[in-house]
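*Asks:* pasting the structure only:
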């Protein structure tokens with residue numbers, strides 16, 4: 001029988017840790033949180049210091065009983081949940097539930113699941129950090145209060161069953177505001193001129209920069225044509241050649257935000273998928289005959305890297321690429337003010353485990369993400385790339401054309417990147433050299449509206465604005481999609497009519513909830529609770545009175561919109577009203593519940609199958625939207641996208 005018990009929140013994590021220790025240790029899993037606030041009531045005593053009331057999750061009663069049995073007669077119990085607020089809170093609740101069986105509790109922290117890290121953590125246990133726990137409690141209580149009081153208001157004024165989250169509402173506003181920008185955008189077209197010059201047997205291109213001492217851009221195509229006709233008569237020469245060497249510093253190792261952005265851009269992974277795959281790499285994968293945690297903890301906003309890992313990557317780079325590929329000094333990256341510096345950046349636990357060494361043991365997605373992390377980490381410690389930049393000005397009596405070239409003098413960190421740097425080599429030129437004009441053509445540039453947000457750009461904006469934290473980016477996006485406030489279209493987020501309606505109401509009547517600065521300040525206060533600078537109840541005491549007052553005012557001043565369609569009820573002749581459900585808009589008789597007639601609102605797109613019905617938006621059992629024919633079941637045509645729908649995603 002084992003003398004020591006280690007409790008984690010994941011079965012895979014338990015399996016990996018047990019493989020390192022065995023013998024005198026038993027490692028068990030709580031399967032995540034064991035308690036939470038009750039779903040159908042506030043579960044917070046506002047009059048008594050915002051005290052939360054937790055209840056045991058129904059599916060965790062058996063697990064708690066098993067944990068209690070395991071805890072009996074153990075010399076020590078180690079809480080080894082994740083190294084963040086959520087993990088600390090899970091550990092605190094576990095300790096509270098098991099304290100009747102055993103009082104020898106210790107907290108151990110590690111940022112990678114390797115044998116060395118686990119054994120080192122066991123040598124340096126500590127107590128549960130109540131500042132971390134209190135910060136998690138403050139966030140949970142704050143979000144519960146917002147949801148509990150604001151959601152019923154949305155039910156009454158918009159649609160029953162809606163919900164509003166504190167941080168999700170800001171993200172929704174970003175998406176809705178961007179949609180308004182796109183809708184109101186007025187494109188502008190300008191014209192330029194591009195020249196092709198010939199030198200010996202080679203050609204190169206240059207753009208018109210100045211024409212008659214003015215900028216070489218034209219609002220009218222006719223003016224560009226006149227300019228081009230005049231330039232055809234000109235003689236050209238090399239007016240100036242400027243060369244300079246540029247050092248390009250490698251990117252930093254991944255934080256959660258940067259990993260989610262890069263995984264979307266390179267691999268097409270959603271934020272949620274990225275975190276799920278990263279979690280599996282962190283918790284452990286069976287390689288040959290042993291479990292290995294392959295990456296460090298994946299919820300982090302710090303660029304810091306342990307001394308040991310720095311020494312290992314230095315040795316790897318010098319052995320793999322040569323001494324000249326390692327910089328003379330380690331790069332010092334500027335950390336954000338809110339960065340949790342106790343965490344490391346996301347990196348491989350063993351840099352000598354190259355991606356191809358693990359390919360046979362990983363799923364396709366695991367391999368892709370591990371390779372992305374491994375390459376980025378190695379690149380972040382390699383020497384700068386040295387690039388020669390050349391700017392050539394080709395002139396005539398009336399004009400200046402500019403051509404830019406670049407040549408890689410030393411590839412440095414570019415050597416390891418899968419995306420290679422393209423060189424732009426110009427022919428050998430000398431100052432005052434005559435140049436033969438080969439061709440002139442007009443170029444057209446039309447301004448485009450700002451692009452819709454995708455996983456990468458939305459996460460980047462949230463991080464820049466201080467909205468949410470590494471552990472919340474993916475859940476925020478997933479929640480907005482689940483609530484049918486936004487949809488994905490080819491990787492981009494588009495607000496639904498329901499999402500726009502909710503966002504507009506919140507902006508008008510609850511500006512604090514959707515204000516990015518206010519939300520960022522709240523996040524900073526939560527950080528201060530974690531640092532022990534303020535009491536967690538102070539956040540609620542400052543927030544609740546004004547919020548509750550706005551809720552009360554909302555019930556009085558917000559009017560529920562009633563939209564009357566131009567159709568009559570075929571059953572009773574009453575007006576058909578436009579109503580809302582989670583699946584979108586539908587028509588319902590004004591005499592409900594006496595008359596229960598209802599019908600879907602169709603799009604204007606004719607069904608391409610039967611040519612008679614129109615396409616209707618529907619939702620399947622997996623909560624996924626699709627379009628089906630309004631004549632179903634006579635016509636069973638379905639499609640994920642409207643045949644005539646064109647959406648700008650540039």
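*Replies:* Cool, the structure landed. Values in this document were obtained by computation on a predicted structure and should not be read as measured data.
*Asks:* Could you verify that residue 190 is part of a strand?
*Replies:* Yes: assessed by DSSP: H, G, I helix; E, B strand; the rest coil, residue 190 belongs to a strand.
*Asks:* longest single helix anywhere in this protein?
*Replies:* Taking DSSP state H as the criterion, the chain has its longest helix at helix 130-157.
*Asks:* Name the next helix or strand following that one along the chain.
*Replies:* helix 166-184 (DSSP states H and E).
*Asks:* ok now the longest helix of the chain, how far from the chain's centre?
*Replies:* Between the centre of helix 130-157 and the centre of its chain there are 22 Å (Cα atoms, centre = their mean, to the nearest Å).
*Asks:* Now do that helix against helix 166-184, angle only.
*Replies:* Orientation of helix 130-157 against helix 166-184 (axes from the mean of the first three to the mean of the last three Cα atoms, to 10 degrees) gives an angle of 50 degrees.
*Asks:* Tell me which residues of helix 130-157 come out buried.
*Replies:* Neighbour-count burial for helix 130-157, counted by 16 or more other Cβ atoms under 10 Å, picks out 131-142, 144-151, 153-154, 157. (Each C-beta comes from the backbone N, C-alpha and C, glycine too.)
*Asks:* same check, this time on stretch 565-572
*Replies:* residue 569.
*Asks:* Same check on stretch 200-208?
*Replies:* By neighbour count with 16+ other Cβ under 10 Å, stretch 200-208 contains the buried residues 204-208.
*Asks:* Check which helices and strands the longest helix of the chain sits against.
*Replies:* Helix 130-157 sits against strand 35-37, strand 44-45, strand 51-52, helix 85-98, helix 166-184, helix 497-509, helix 516-530, helix 536-557, with contacts defined as 3 or more Cβ pairs under 8 Å, 6 or more residues apart in numbering; DSSP states H and E.
*Asks:* Report the mean per-residue pLDDT for that helix.
*Replies:* Per-residue pLDDT values over helix 130-157 give a mean of 93.
*Asks:* between it and helix 516-530, how many degrees?
*Replies:* Going by the same axes, to 10 degrees, helix 130-157 makes 150 degrees with helix 516-530.
*Asks:* where does the closest residue to residue 100 other than its chain neighbours land in three-state SS?
*Replies:* Once flanking residues are discounted, residue 100 sits nearest to residue 68: 7.7 Å by Cβ to Cβ, 6 or more residues apart in numbering. Applying three-state DSSP to residue 68 yields a three-state assignment of helix.
*Asks:* what's the distance between residue 68 and residue 25?
*Replies:* From residue 68 across to residue 25, the span is 18 Å (Cβ to Cβ, to the nearest Å).
*Asks:* got it, and residue 8?
*Replies:* Residue 8 sits 12 Å away from residue 25, going by Cβ to Cβ.
*Asks:* Residue 68 and residue 25: who's more crowded?
*Replies:* Using other Cβ atoms under 10 Å as the criterion, residue 68 and residue 25 rank with residue 25 on top: 19 against 14.
*Asks:* in terms of contact, does that one touch residue 4 like I think?
*Replies:* Yes: with contact defined as Cβ atoms under 8 Å, residue 25 counts as touching residue 4 (4.9 Å).
*Asks:* Per-residue pLDDT of the most centrally placed residue in the chain, please?
*Replies:* Centroid-nearest residue in the chain: residue 459, 3.5 Å away (criterion: Cα atoms, centre = their mean). The model reports residue 459 with a pLDDT of 95.
*Asks:* Residues touching the helix or strand hosting it, excluding its own?
*Replies:* According to DSSP H and E, residue 459 maps onto helix 455-465. With contacts defined as Cβ atoms under 8 Å, 6 or more residues apart in numbering, helix 455-465 is touched by 170-171, 174-175, 257, 260-262, 264-265, 269-271, 301, 451, 453, 467-468, 473, 476-477, 491, 493, 516, 519-520.
*Asks:* Kindly report the same for stretch 247-258.
*Replies:* 262, 275, 298-303, 305, 331, 333, 345-347, 373, 376-377, 379-382, 384-387, 412-414, 459-460, 462-463, 470-471, 473.
*Asks:* In contact with residue 76, which residues?
*Replies:* Applying Cβ under 8 Å, 6+ apart to residue 76 gives the contacts 3-5, 104-106.
*Asks:* In strands, which of those fall?
*Replies:* Taking DSSP state E as the definition of strands, the contacts of residue 76 contribute 4-5, 105-106.
*Asks:* got a markdown table for those residues, with neighbour count too?
*Replies:* Formatted as a markdown table, those follow (neighbours: other Cβ atoms under 10 Å):
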| residue | neighbour count |
| --- | --- |
| 4 | 18 |
| 5 | 24 |
| 105 | 23 |
| 106 | 19 |
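*Asks:* pLDDT and distance to residue 244 added to those residues, as CSV?
*Replies:* Shown next, in CSV, are the ones in strands among the contacts of residue 76 (pLDDT from 0 to 100; distance: Cβ to Cβ, whole Å):
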residue, pLDDT, distance to residue 244
4, 95, 62
5, 96, 63
105, 94, 62
106, 96, 58
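*Asks:* Farthest pair within those residues?
*Replies:* Pairwise distances across these (Cβ to Cβ) peak at 11.7 Å, for the pair 4 and 105.
*Asks:* so what sits against both of these two?
*Replies:* 76-78.
*Asks:* From the residues you listed, pick the one nearest residue 589.
*Replies:* residue 77 (62.3 Å).
*Asks:* sec struct for that closest one, please.
*Replies:* State at residue 77, reduced to three classes by three-state DSSP: strand.
*Asks:* That one and residue 70, how far apart?
*Replies:* Taking Cβ to Cβ, one finds residue 77 at 9 Å from residue 70.
*Asks:* out of those two, which sits in the more crowded spot?
*Replies:* residue 77 (22 against 19).
*Asks:* contacting residues around that one?
*Replies:* For residue 77, the contacting residues are 4-7, 71, 98, 102, 104-106, by Cβ under 8 Å, 6+ apart.
*Asks:* Is the nearest residue to it once chain neighbours are set aside bridged to anything, and to what?
*Replies:* Closest residue in space to residue 77, ignoring its immediate chain neighbours: residue 5 at 4.7 Å, by Cβ to Cβ, 6+ apart. Here residue 5 sits in beta bridges with residue 26, residue 77, going by DSSP bridges.
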